[in-house]
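> pasting a predicted model and its sequence here:
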Amino acid sequence: MSYASDRAEIADLMARYLLAMDFHDADAYAECFAEDGELDWAMGVASGREAIRAEARTFASKIGEIFKDHQGNPAKLRHVVNQKVIRVEGDLAWNTGFWWEMTNGGPDGSIALPSFGIYEDELVRVDGRWLFKRRKICNEFLPGRESGSVNPVIAMDAAAEKAA
């Protein structure tokens, strides 16, 4: 495999993950993770694909409690990933990327940009397919979930160097 094809497959995984999350497809969401994968997000840590699937089934109701549209209904969320830094070392990879989300929670249903953060990922190639081994979601607007003041790419590179 080439770096370009690995990077394209990892970017595709991220898109599948976000679309599954935003459209409340718990099965597709869970399939983005290795069997022993881990999701570290604002509501806790889920370990193993089945625990992640169960957690994903609660996303709509948990998110609906936080983000509302102008009528007080659960808002629609759409996530975007920018500035992906991807490092591949054989069948292991790391990603650090900036994410933000928009909702229909602005005045009269207009777009609102209520949250943003950093993804810190460890990925593994399983049977020729890239999957999340661990995904940590830093939320810059939640106390205790911030990414910190140090460039997160430094930690990502250190982890990759250690594994290489």
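Thanks, I have the structure now. These numbers come from a predicted model, not from an experiment.

> for residue 150, grab the count of nearby residues.
8 (other Cβ atoms under 10 Å). Every C-beta, even on glycine, is put in place using the N, C-alpha and C of the backbone.

> cool, the one 3 residues further on as well?
Using other Cβ under 10 Å, the number of residues around residue 153 comes to 14.

> my guess is it contacts residue 86, does it?
No - between residue 153 and residue 86 there is no contact under Cβ atoms under 8 Å: 10.6 Å.

> what strand or helix carries residue 120?
If you go by DSSP states H and E, residue 120 is part of strand 112-126.

> could you do residue 45 as well?
Under the assignment here (DSSP H and E), residue 45 is part of strand 44-47.

> looking at this, residue 24 is in a strand?
No - secondary structure of residue 24 (DSSP: H, G, I helix; E, B strand; the rest coil): coil, not part of a strand.

> any idea of the pLDDT on the nearest residue in space to it that is not next to it in sequence?
Leaving aside its chain neighbours, residue 24 sits nearest to residue 60 (4.7 Å; criterion: Cβ to Cβ, 6 or more residues apart in numbering). At residue 60, the model reports a pLDDT of 84.

> what secondary structure does residue 60 sit in?
helix.

> I'd say it and residue 74 touch.
Yes - with contact defined as Cβ under 8 Å, residue 60 counts as touching residue 74 (6.9 Å).

> what's the first helix or strand after the helix-or-strand element of the chain with minimal mean pLDDT?
Across the helices and strands of the chain, mean pLDDT, DSSP states H and E gives its lowest value to helix 59-66, namely a mean of 86. Downstream of helix 59-66, the first helix or strand assigned by DSSP H and E is strand 77-89.

> and that next one, what does it pack against?
Judged by 3 or more Cβ pairs under 8 Å, 6 or more residues apart in numbering; DSSP states H and E, strand 77-89 is in contact with helix 3-22, strand 92-103, helix 152-163.

> recalculate using a threshold of 10 Å.
Of the remaining helices and strands, those touching strand 77-89 by 3 or more Cβ pairs under 10 Å, 6 or more residues apart in numbering; DSSP states H and E are helix 3-22, helix 59-66, strand 92-103, strand 112-126, helix 152-163.

> return the most buried member of these.
strand 92-103 (a mean of 20; mean count of other Cβ atoms under 10 Å).

> relative to residue 138, which of the helices and strands packed on strand 77-89 is closest?
strand 112-126 (4.3 Å; Cβ to Cβ).

> can you get me a residue count around the residue nearest to residue 109 when sequence neighbours are not counted?
Counting by Cβ to Cβ, 6+ apart, residue 70 is the residue found nearest to residue 109 once chain neighbours are left out, at 5.4 Å. Around residue 70 there are 14 other residues, counting by other Cβ under 10 Å.
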